[in-house]
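K.L.:
need the 3D shape of this:
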Amino acid sequence: MEAAQVTKVDNKPVSMVGGIVITAGTAVGAGMFSLPVVSSGMWFGWSLVSMLLSWFVLYRVSLMILEVNLHFKPGDSFNTMVSATLGKGWNVVNGLLFAFLMYILDYAYISGGGSIVNQTLLSTFGYAPPQMLSGFIFAFLLSFVVWFSTKAVDRVTSILIVGMLVTFAMAVFDLTLAAQLGNLFTNGSDGQGEVPAYFYMFAALPFYLTSFGYYGSVPSLVKYYGKKPQIIAKAMLIGSLGCFVIYALWLLATFGNLNQTAFLSIIEQGGNIGILVGAINEVVTTDGLDKVLGAFANMAIISSFLGVSLCLFDFIADKFKFDDSGMGRFKTALVVFVPPTIGGVLFPHGFITAIGFAGLVCAVNALIIPPLMLKKSRQMFGETGYSSKGGDGLIYCIIALGVFYALCNIFSIFNWLPVFGR
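P.N.:
Numbering: from 1, shown residues only. Below you'll find the predicted structure:
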């Protein structure tokens, strides 16, 4: 099998499994809980179309980044490549977009974390504190892990990934057995009112873009494997297709058990993770499902929060030159965690909105900057060695799609696109 192939870096065997895990692990997380909510107007068929488009676009973008990365040393960052190819101005833009993306995702995960902690406590003990308090406790405890050390984050995340795989498989198995598969292609056929179902796809597209956001892991894969583009490309292909399957199963499980009317109620309550999980548990009463689904949701939100927070932590420490001492890490932690925690406490129901803003940033950061970087790279270095194929036509097509995705998000914000339940 492809995943069993082994390459060598510095004469040490490295399995393709590592690259697949890095790709899938970077993408799959708490953001997948937004997909059923934002897709409820178009339903299952058009959701698959949206997902396929976003998967294809980001896979091609990742190959573009890979081609550029091969002209630099393994371990050189995305920022290094942007600065060397597009100049300091674009690098400033890229840095600001990256920081905004990390902060908005941290806020989204604090919001989602407070929601699922509340839902778990309510289903287990019959009582839950105010969500703003749950969000604060969630952020405080996990920020301590990030402050403590990178190794602590790595160990906790490794345990969580294993737990996520097990609980996701158990939850989807139970939900699929209980699903009415005929619902998948009947609900949503007429949209809401006079709006055709496929019109809801445009507002949902930025969320699917965010859900396949593994493109930033390309420099890590080059560092992991060395300059082995064929192996890296296969690892990204298999890992991203694994994401596609996981998301498709999740949509099948949710749409097979919840009808469109149920989603109207979920959206009215804010569409947060705990609300969606609670709605599923009300419909599917399989013994232990609420515990398994709750465990998966908790682990997904925690692993996502830790991963994003660590990236932001390293970015802030480098930007402000905070050292790695206890006090230096404490200063970094204040800059990293105080703003999103305040947001999570004051606005505890903003998970869906925040993920949408993340999609707007990804449209520029993933679909506009990398193609421009590739075009400049080919002018600087020529098309030697590995090529991501496609020529200038594909470069301009990806940039146009980036503008399209960004406009979809902006039009949605200003209510110029139909959004189900609004």
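K.L.:
can you tell me the closest non-neighbouring residue to G25?
P.N.:
Spatially, and ignoring its direct neighbours in sequence, G25 is nearest to I161 (5.9 Å; Cβ to Cβ, 6 or more residues apart in numbering). C-beta coordinates here come from the backbone N, C-alpha and C atoms, glycine included.
K.L.:
residues touching that neighbour, list them.
P.N.:
Applying Cβ atoms under 8 Å, 6 or more residues apart in numbering to I161 gives the contacts 21, 25, 303.
K.L.:
so the first one is in contact with G239, correct?
P.N.:
Yes: under the criterion of Cβ atoms under 8 Å, V21 is in contact with G239, at a separation of 7.3 Å.
K.L.:
could you say what helices and strands the biggest helix by length in the chain packs with?
P.N.:
Counting residues, the longest helix in the chain under DSSP state H turns out to be helix 88-125. Where contact means 3 or more Cβ pairs under 8 Å, 6 or more residues apart in numbering; DSSP states H and E, helix 88-125 is packed against helix 78-86, helix 131-148, helix 273-283, helix 289-320, helix 326-346, helix 351-367, helix 369-381.
K.L.:
buried set for that helix?
P.N.:
Of the residues in helix 88-125, those buried by neighbour count under the rule 16 or more other Cβ atoms under 10 Å are 90-91, 93-95, 97-98, 101-121, 123.
K.L.:
got the angle for it vs helix 289-320?
P.N.:
Our comparison of helix 88-125 with helix 289-320, counting by axes from the mean of the first three to the mean of the last three Cα atoms, to 10 degrees, yields an angle of 150 degrees.
K.L.:
and the angle from helix 88-125 to helix 351-367?
P.N.:
Here helix 88-125 runs at 150 degrees with respect to helix 351-367, directions being taken by the same axes, to 10 degrees.
K.L.:
which one is F199 nearest to, not counting chain neighbours?
P.N.:
Leaving aside its sequence neighbours, F199 sits nearest to P418 (Cβ to Cβ, 6+ apart; 5.0 Å).
K.L.:
give me the phi and psi for the one you found.
P.N.:
phi -70, psi 130 (degrees, to the nearest 10).
K.L.:
got a list of contacts for stretch 229-247?
P.N.:
Contacts of stretch 229-247 (Cβ under 8 Å, 6+ apart): 2-3, 5, 7, 16, 18-24, 27-28, 32, 35, 51-52, 55, 58-59, 62-63, 66-67, 70, 168, 211-212, 214, 218, 221-222, 225, 385-386.
K.L.:
out of the residues you listed, which sit inside helices?
P.N.:
Taking DSSP H as the definition of helices, the contacts of stretch 229-247 contribute 16, 18-24, 27, 35, 51-52, 55, 58-59, 62-63, 66-67, 168, 211, 218, 221-222, 225.
K.L.:
narrow these to those that are buried.
P.N.:
Neighbour counting by 16+ other Cβ under 10 Å classes 16, 19-24, 27, 35, 51, 55, 58-59, 62-63, 66-67, 168, 211, 218, 221-222, 225 among the ones in helices among the contacts of stretch 229-247 as buried.
K.L.:
next one: the residue nearest to F199 from A128, what distance?
P.N.:
In this view, P418 and A128 are 34 Å apart by Cβ to Cβ, to the nearest Å.
K.L.:
same thing with M373?
P.N.:
When Cβ to Cβ is applied, the distance between M373 and A128 equals 47 Å.
K.L.:
per-residue pLDDT of V92, please?
P.N.:
The score at V92 is 91. That number is its pLDDT.
K.L.:
so who does the residue positioned nearest the centre of the chain touch?
P.N.:
Centroid-nearest residue in the chain, with Cα atoms, centre = their mean: S211, separated by 3.8 Å. The contact partners of S211, taken as Cβ under 8 Å, 6+ apart, are 27, 31-32, 34-35, 51, 54, 243, 247.
K.L.:
many thanks, I have nothing further to ask.
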